[in-house]
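K.L.:
3D model of this:
(one chain, ligands or ions: 2)
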Amino acid sequence: MAAPNEPPTPNGGLDNKLLSKLLPRVDVDGHDLPPSPAPSSPSAGRRRYALATELVFTETKDQYGASSIPIYQSATFKQTSSSGGQQEYDYTRSGNPTRTHLERHLAKIMAASRVLAVGSGMGALDVITRLLRPGDEVVTGDDLYGGTNRLLAYLSSNQGVVVKHVDTTDPARVAEVITPKTAMVLLETPTNPLIKIVDIPTIARASHAANPSALVVVDNTMLSPMLCNPLDLGADVVYESGTKYLSGHHDIMAGVIGCNDSALADKMYFTINATGCGLSPNDSFLLMRGVKTLAIRMEKQQANAMRIAEFLEGHGFKVRYPGLKSHPQYDLHHSMARGAGAVLSFETGDVALSERIVEAARLWGISVSFGCVNSLISMPCRMSHASIDAKTRAERQMPEDIIRLCVGIEDVEDLIDDLSRALVQAGAVTLTIDGFHANGVEGEVAA
Ligand SMILES: Cc1ncc(COP(=O)(O)O)c(C=O)c1O
Ligand SMILES: N[C@@H](CCSC[C@H](N)C(=O)O)C(=O)O
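P.N.:
Ligands and ions are numbered 1, 2, ... in the order given. Prediction:
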């Protein structure tokens, strides 16, 4: 307590030094976070608490005080008169209370003034790209999720949209190809599956300077709002696959879109209502339930991913993971994100060897997708990115032998044991008295 006649200290008598001890600002890895955003930063006004708290804190307005938002499993809503437009809800394609609750909850988390929830991540990109008109140009990366590449190829072949794939790790290259016709700059970071990092703030500044009407759109699926808020980094629109980290259990398909421009949000809402791609009440409920555990899932998944990345790197594999200091864009990634995520990839130097490793794994499920509580292993060129033809994959330097690991929340020793066994069984490493030795892979072999 303040002594009599001394001016009272702010913060109810706690000095700032003590407060900072009580309220450590560290990320999920325990690294110091930068100071709280200035009050003028877009997310500062909306979030009252730290992200982990906001994820679970909801002010449900339910007539019975239900602590979990009910599933309003109703296609239509009774109206009090025939005059129309009197009530918030009339038909679930146009709006549903469970979906609205989810969207408002996610707005705080995604640092957006409006969030729209739809039936999948690709559904989200479809809604966003319906803002484009024939003749418009889209500038995007040369390492993108296969489905994103496919939708852009469709727009280019069928809708008269010009798509330019460039190396988005080089902001100057992006700026070079922007013209007055550029309507959208579409970024993914870290890229899937090569884990390249894209400098969102520099590209957003350069894009807006070159063409103020170009929308900078960021796919945040690989990080989730727990680790990155692209709208705070200069993006105009953020979207992500809610199928991944946001829901976290691989039991639904979902997509979310966030922005801070109400006219833009209204245009995208128009498409959702017109086409009927809004997220169903049941999936809105499941996504809402999943998102509450995002912080602890991400913390465990990241810690596990770091151990796995170190294990593989320590045994001579070329590992791509932004948590490793050896990642060439480590500093850039950590200037934008609060953690490295839980997706990593590594190369073996031999496609058949990679196949044997993947097939020898037992605990790691051979599946596409990521961000789930279960650990998954896959060969992107054969699976998630198979829709990109082999010639294009080669042009974009996507190694055919690349193995992608999506790390879950299991006991990390079990994961390492299973991976070690798969590596030995496949002949990728030799077990000797002093540990594992990688066979025929690039880089140093650990002693
Ligand atoms: C980076 C990225 N963006 C978008 C998507 C599309 O999400 P969904 O499968 O929910 O349509 C995926 C995966 O599917 C992805 O990996
Ligand atoms: N057959 C699907 C493959 C989905 S890949 C899902 C996910 N984005 C990943 O990267 O694993 C398709 O063709 O879209």
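
K.L.:
for the stretch 151-300 of the chain, just list every one of the helices.
P.N.:
Using DSSP state H, counting those that start in this stretch, the helices of the stretch 151-300 of the chain run over 171-177, 200-210, 262-275, 281-291, 294-314.

K.L.:
for those, which one sits closest to residue 143?
P.N.:
helix 171-177 (13.2 Å; Cβ to Cβ). For glycine as for every other residue, the C-beta is placed from the backbone atoms N, C-alpha and C.

K.L.:
how about the residues of the protein near ligand 1?
P.N.:
120-122, 145, 147-148, 188, 192, 219, 221-222, 241, 243, 253, 255 (Cβ under 6 Å from any ligand atom).

K.L.:
among those residues, which ones lie close to ligand 2?
P.N.:
By Cβ under 6 Å from any ligand atom, the members of the residues of the chain next to ligand 1 lying near ligand 2 are 145, 147, 192.

K.L.:
in JSON lines: those, plus neighbour count.
P.N.:
Supplementary listing: these in JSON lines, determined by neighbours: other Cβ atoms under 10 Å:
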{"residue": "145", "neighbour count": "25"}
{"residue": "147", "neighbour count": "19"}
{"residue": "192", "neighbour count": "24"}
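
K.L.:
between the residues you listed, which is nearest residue 276?
P.N.:
residue 147 (20.2 Å).

K.L.:
now the closest one. Nearest residue, chain neighbours left out?
P.N.:
Using Cβ to Cβ, 6 or more residues apart in numbering and skipping the chain neighbours, the partner closest in space to residue 147 is residue 122 (5.2 Å).

K.L.:
how close does the one you found sit to residue 403?
P.N.:
24 Å (Cβ to Cβ, to the nearest Å).

K.L.:
now do residue 164
P.N.:
Counting by Cβ to Cβ, the gap from residue 164 to residue 403 is 30 Å.

K.L.:
can you check residue 115 too?
P.N.:
For residue 115, the distance to residue 403 - Cβ to Cβ - is 34 Å.

K.L.:
contacting residues for the nearest residue to residue 244 once chain neighbours are set aside?
P.N.:
Leaving out its chain neighbours, the residue that sits closest to residue 244 by Cβ to Cβ, 6+ apart is residue 371, at 3.1 Å. By Cβ atoms under 8 Å, 6 or more residues apart in numbering, the contact set of residue 371 is 221, 224, 241, 243, 244, 245, 246, 248, 301, 342, 343, 406.

K.L.:
got a PyMOL select line for the buried ones in these?
P.N.:
Remark: buried members of the contacts of residue 371, expressed as a PyMOL selection using 16 or more other Cβ atoms under 10 Å:
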select buried, resi 221+224+241+243+244+245+246+248+301+342+343+406
